[in-house]
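# A structural model of the following input is requested.
(one chain, ligands or ions: 1)
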Amino acid sequence: MQPTDLPWLPLDDELAPEYGAYGSYPTEHDPDLVETHGDAPWEEIGRLMDRLTGPDSVVLDLGCGAGFHICALAPAVGHVWGFEQDPRLIEAARRRVETCGLQNVALVEGSNSEAGDFGPIPDGSIDFGMSIRGPNVTLRLPAKLRDDALWLQEIYRQCLGLHAIFGRSRSTFLPSLPGGPDPIVREYAGLALLPVSARTFYYEQYFRDSEHLRAWLGVGGLLPSETECRPATDRAARELYCRYNDTPGGIRLVGTTKVFLFRRTDVPRPPAMTGTSDAPPTNRPRGDRPRADAGSRRPGAELPMGPLHDCAGGLEAWMWPRPCIASCPHAS
Ligand SMILES: C[S@@+](CC[C@H](N)C(=O)[O-])C[C@H]1O[C@@H](n2cnc3c(N)ncnc32)[C@H](O)[C@@H]1O
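Numbering: from 1, shown residues only. You can find the predicted model right below:
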């Protein structure tokens, strides 16, 4: 089923003007034109969902919003869990599931930062998880995934730095900093989710004028509570943005979205070195290095591996190559 074939509910009339693009709702303030120059991110997402799920798949949609993706996917898979913290959006998802007559969908209201909220989902049951512009996987979630589960994640940004223009960000106007993998790759490696593929899509959205851009941003155009909250300066910032980005097609706003696919994988860890310090390597001359103390080495010893556990509530403990922090009760 295509998202465009899904029923539009009376509740959607109420929510769409408020949540707009944030909840995948079309509104009257949408850009006049979206140019993707070929492959579009939503096509990639649909393709990955179609290819990587089957009639027996158990799917989790983290931050499922108003339930458009789950209702589109449910007829083709075994079971779908929708997880969402916003009570109004999950109510819309619930009504959409009922209206579509779907029997294989269960919805859970909760936050992925609350340990107990994933409770209804059986451990080790999810084959395919996804977060479409939703929250990141946290330490609470991996226990729910099968050992070889796939995880699809879309991350949206406005690469021309509207946050910076509106004075809400200290970051530069560059879309990303050079060097090193995307932070999410590092973060997810700590959860034993390794990247399979990552594609970045740039696309342009065109608005008639400054007022049109303001209206779109105001309906949850992905900067919901942060724009236009200091009217005097925000208005000037927006006007300036519009002057610099005025094109024959309208006011141009470049969006960038990254679509990642991760696989849960048991990663072989390097042998642990007990007695080593976390201090960064020094530039000491070669001959001057202290000799490794044979007694402090445990050949073949592995860093602690799954089941993933929540050491002191942070990811740090699982960041390679740092072994489990000393205070972690699971450290042996
Ligand atoms: C940008 S919306 C995308 C919604 C939906 N995936 C879609 O594509 O239409 C992000 C969603 O994630 C939900 N969300 C954000 N943080 C969350 C958290 N910590 N736990 C559960 N849901 C969360 C929000 O309430 C929102 O519905």
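# only C-alpha atoms from now on, for both contacts and neighbour counts.
Will do.
# dump the residue contacts of the residue in the stretch 101-250 of the chain that the ligand sits nearest to.
Residue nearest to the ligand within the stretch 101-250 of the chain (CA to the nearest ligand atom): residue 111, separated by 3.4 Å. By CA atoms under 8 Å, 6 or more residues apart in numbering, residue 111 lies in contact with 83, 84, 85, 117.
# who touches the last one in this structure?
Looking back up the chat, that one is residue 117. So residue 117 contacts 108, 109, 110, 111 (CA under 8 Å, 6+ apart).
# same question for the second one.
The neighbours of residue 84, taking CA under 8 Å, 6+ apart as the test, are 62, 63, 64, 65, 90, 107, 108, 109, 110, 111.
# at 6 Å instead, please
Residues in contact with residue 84 (CA atoms under 6 Å, 6 or more residues apart in numbering) are 63, 64, 109, 110.
# ok, now the first one?
If you count contacts by CA under 6 Å, 6+ apart, residue 83 has them with 62, 63, 64, 107, 108, 109.
# ok, 8 Å please
60, 61, 62, 63, 64, 107, 108, 109, 110, 111.
# what about the fourth one, how many residues close to it?
Around residue 63 sit 26 other residues, with neighbours defined as other CA atoms under 10 Å.
# tell me if stretch 32-41 is near the ligand.
No - judged by CA under 6 Å from any ligand atom, stretch 32-41 stays clear of the ligand, getting no closer than 11.9 Å.
# with stretch 140-154 instead?
No - Stretch 140-154 does not reach the ligand (CA under 6 Å from any ligand atom); its nearest approach is 8.8 Å.
# what's the answer for stretch 253-262, then?
No - on the criterion CA under 6 Å from any ligand atom, stretch 253-262 is out of touch with the ligand, staying 12.0 Å away.
# for the host helix or strand of residue 256, packing partners?
Taking DSSP states H and E as the criterion, residue 256 maps to strand 250-264. Contacts defined by 3 or more CA pairs under 8 Å, 6 or more residues apart in numbering; DSSP states H and E place strand 250-264 against helix 41-52, strand 145-158, strand 193-207.
# quick revisit: host element of the residue of the stretch 101-250 of the chain closest to the ligand?
Going by DSSP H and E, residue 111 is not in any helix or strand.
# relative to residue 244, how far out is it?
40 Å (CA to CA, to the nearest Å).
# likewise residue 136?
34 Å.
# quick one: low-confidence ranges for the stretch 51-200 of the chain?
158-181 (pLDDT under 70).
# does residue 75 really touch residue 102, like I thought?
Yes - under the criterion of CA atoms under 8 Å, residue 75 is in contact with residue 102, at a separation of 7.5 Å.
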